[in-house]
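> attaching a predicted model along with its sequence, questions to come.
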Amino acid sequence: MRARVLIRPKAGILDPQGVAVERALPALGFAGVAHVHVGRLVELDVEDEAQLDDMCRKLLANPLIEDYEIQAVS
Amino acid sequence: MKLGVITWPGTCDDADARLAVSKVAEPVALWHGDSDLQGVDGIVVPGGFSYGDYLRAGAIARFSPVMESVIAFANAGGPVLGICNGFQILCEAGLLPGALLPNKDLRFVCRQVDLEVQTVSTPFTSTCEVGQRLSIPAKHTTGCFFGEVADEQIVLRYAEGHNFNGSQDDIAGVTNAQGNVMGLMPHPEHAVDVLIGGSADGLKLFEGMARVAVV
């Protein structure tokens, strides 16, 4: 299975990258941008997709500060 | 009495940590791929960029063979001091509460900071007084502390005007609930000789560690 894991800062966690991007966009003339968050994308092939959640909790994300979302890539 | 200093690929402060240790104990170089702690009485997890900070600072280093031994050593009550990247590794390993986020202004900052000792009931600060100020350099990009931590686990706070990274409640250093594992972002190993940097305040933490490690 080809999987895609999206990792983003938890709500309420300081996200200076998101803030910086949110400020930069209007400076370039893009109006109406809000709630920008910058995270990570991990793509991987796995034989046993049941292990993905465990992989996320143990290594790919830090559940204390990050949310993750597992997507199947067809 | 022997204090071990662990080296990972990408660690850069291990030599200074061994130098600091040599002023209070016999330093022992430990390699991340070797689970043998060589009978040390305490462990320093030094700073740097283990595994290039890939994924998250400390995320990969915490799975090194040596860490299983460090976790067992810490759970048995042995003193463990994590500095900067070492602090990040101990948090990722679950030995310390919380996590380190990118500095609030996203910049690498290198400066001397003043820290205030919050408690002296840890081995590391047993040589200090409550409220004492320690002048120690800090140098990092990912040092903004975040986490749920009990008041008595907060060992060091940045003095007013010195919290450059945005750490919650000005927290610069914490311990585990038992008090035998400590992590801090500033670098006490770089402040052990007044000739360099003008402060030897960092030595106090090593002296405290060595004092308790003698059993």
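Thanks, I have it.

> residues of stretch A:52-68 that come out buried?
A:Leu52, A:Met55, A:Cys56, A:Leu59, A:Leu60, A:Ala61, A:Asn62, A:Leu64, A:Ile65, A:Glu66, A:Asp67, A:Tyr68 (16 or more other C-beta atoms under 10 Å in any protein chain shown). (Each C-beta comes from the backbone N, C-alpha and C, glycine too.)

> kindly indicate which of those residues lies nearest B:Leu19.
B:Leu19 lies nearest to A:Asn62 out of those, by C-beta to C-beta, at 32.0 Å.

> which residues of chain B lie near chain A?
Within chain B, the positions adjacent to chain A are B:55-56, B:59-60, B:63, B:92, B:98-99, B:101-106, B:144, B:146-147, B:166 by C-beta under 8 Å from any C-beta of the partner chain.

> try it again with 7 Å
B:Arg56, B:Ala59, B:Ala99, B:Leu101, B:Pro102, B:Lys104, B:Asp105, B:Leu106, B:Cys144, B:Phe146, B:Gly147, B:Gly166 (C-beta under 7 Å from any C-beta of the partner chain).

> buried ones from these, can you make that a PyMOL selection?
Buried members of the residues of chain B next to chain A, defined by 16+ other C-beta under 10 Å, are picked up in PyMOL with:
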select buried, chain B and resi 56+59+99+101+102+104+144+146+147+166
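
> returning to that earlier point: now, which of the buried residues of stretch A:52-68 lie within helices?
Mapping these onto helices (DSSP state H) picks out A:Leu52, A:Met55.

> and the buried residues of stretch A:52-68 near chain B, which?
For chain B, the contacts drawn from the buried residues of stretch A:52-68 by C-beta under 7 Å from any C-beta are A:Leu59, A:Asn62, A:Leu64, A:Ile65.

> quick one, phi psi at residue 46?
You didn't say which chain, so I picked chain A. phi -130, psi 140 (degrees, to the nearest 10).

> that was the other one, I meant chain B.
Phi and psi for B:Pro46, reported as degrees, to the nearest 10, are phi -80, psi 180.

> and it, what does it touch?
B:Val5, B:Ile6, B:Thr11, B:Asp13, B:Asp14, B:Ala17, B:Ile83, B:Gly86, B:Glu189 (C-beta atoms under 7 Å, 6 or more residues apart in numbering or on different chains).

> tell me how many other residues crowd the closest residue to B:Asp193 other than its chain neighbours.
Computed as C-beta to C-beta, 6 or more residues apart in numbering or on different chains, the closest residue to B:Asp193 that is not its neighbour in sequence is B:Ala200, at 5.8 Å. Residues near B:Ala200, counting by other C-beta atoms under 10 Å in any protein chain shown, number 18.
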